[in-house]
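> requesting a structural model of the entry that follows:
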Amino acid sequence: MSNRASLFVIAAPSGAGKTTLVKELLERKPGLRFSISYTTRKKRVTEVEAKDYFFVREAEFQKLQAKGELLESARVFDNHYGTSRSQVEQHLGNGHHVILEIDWQGAQQVRQSKPDCITIFVLPPSRDELERRLRDRRTDNDDVIERRLNDALGDMSHWSEFDYVIINDDLTLAVTELESVLNGEGEANRVGNESLQAQVEKIIS
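Take a look at the predicted model:
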């Protein structure tokens, strides 16, 4: 990575595996800082407060918005998510690269306020694999899974708005590609790469 602190925005449809990718990346690069988002959704049994998210009530989230504390915010599956502006600024000010794990709506907002950020979109290798991953979570009923799948297809249509695309088929390879992007390399994963574009078209068509 370059010496100048940079903001990396990673987005993906639900089930593409971005959370796993980010966790693996943070293990490889302990100098990175992960921006912990606020959310109004309920905590899952596998999640830890102030590590995975800051879990807040609706009223508290609205106060954060009103005070301008959120760098970005979005409503996803009837829940609100948002990034702490002060947390990001503090990490960057201390010279640390920062990772944001958000959705495409949030990525659009961050680009507007921080146009020098580097954006990365994560895709599953296929629609079938995306459905398998969502079902393997065993955290949602069939109706919710169906809704997540439909929303994911809409999310994937925004891939070309990003600087880079990572196709998360093999986890080790995907983390390596993500690491290359953070190191200022990763030309093969640039959105303008014709070979990559052909792969993406097969996934989303």
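
> can we go C-alpha only for contacts and neighbour counts from here?
Fine.

> the strands in this protein, which residues?
Secondary structure of the chain, counting by DSSP state E: strands at 7-11, 33-34, 37-39, 53-55, 70-76, 79-84, 98-102, 118-123, 164-167.

> partner strands of the second one and their direction?
Read that as strand 33-34. Strand 33-34 has the following strand partners under DSSP bridges: strand 98-102 (parallel).

> which residues are contacting the strand it pairs with?
With contact meaning CA atoms under 8 Å, 6 or more residues apart in numbering, strand 98-102 is reached by 5-12, 18-19, 22, 32-36, 83, 88, 91-92.

> compare the strands of the chain and give me the one nearest L196.
Closest to L196 of those, according to CA to CA: strand 164-167, at 8.0 Å.

> and that closest one, what other elements does it pack with?
strand 118-123, helix 171-182 (3 or more CA pairs under 8 Å, 6 or more residues apart in numbering; DSSP states H and E).

> I'd like the strands of the chain laid out as a markdown table, including mean neighbour count.
Shown next, in a markdown table, are these (neighbours: other CA atoms under 10 Å):
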| stretch | mean neighbour count |
| --- | --- |
| strand 7-11 | 24 |
| strand 33-34 | 20 |
| strand 37-39 | 23 |
| strand 53-55 | 20 |
| strand 70-76 | 19 |
| strand 79-84 | 21 |
| strand 98-102 | 23 |
| strand 118-123 | 25 |
| strand 164-167 | 26 |
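
> how about those strands in TSV, adding distance to A198?
Listed next are those as TSV, based on distance: least, CA to CA, whole Å:
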stretch	distance to A198
strand 7-11	20
strand 33-34	32
strand 37-39	33
strand 53-55	35
strand 70-76	29
strand 79-84	32
strand 98-102	25
strand 118-123	13
strand 164-167	12
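
> next one: the residue of the chain most remote from its centre from T40, what distance?
What lies farthest from the middle of the chain is A59; by CA atoms, centre = their mean that is 24.7 Å. Going from A59 to T40 by CA to CA, to the nearest Å gives 9 Å.

> low-confidence ranges, the protein, go.
Filtered on pLDDT under 70, the chain yields the residue ranges 1-3, 138-139.

> report how far apart the opening and closing residues of stretch 64-81 are.
Chord length of stretch 64-81, first to last residue, is 11 Å (CA to CA).

> begin at 318, not 1, for the rest of this chat.
Let's use 318 as the start, then, which means that last one is stretch 381-398.

> how far does it sit from its chain's centre?
15 Å (CA atoms, centre = their mean, to the nearest Å).

> same question for stretch 477-486.
Between the centre of stretch 477-486 and the centre of its chain there are 11 Å (CA atoms, centre = their mean).

> using CSV, write out every CA atom in stretch 496-506.
Extracted C-alpha coordinates of stretch 496-506, given in CSV (Å, rounded to 0.1, in the frame of the first residue of the first chain):
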residue,chain,number,x,y,z
GLU,A,496,-4.7,-7.3,-1.4
SER,A,497,-3.2,-6.4,-4.8
VAL,A,498,-5.7,-3.7,-5.3
LEU,A,499,-4.9,-2.2,-1.9
ASN,A,500,-1.2,-2.4,-2.9
GLY,A,501,-1.9,-0.1,-5.9
GLU,A,502,-1.8,-3.0,-8.3
GLY,A,503,-4.7,-5.3,-9.4
GLU,A,504,-4.9,-4.1,-13.0
ALA,A,505,-6.6,-7.4,-13.9
ASN,A,506,-9.5,-6.4,-11.6
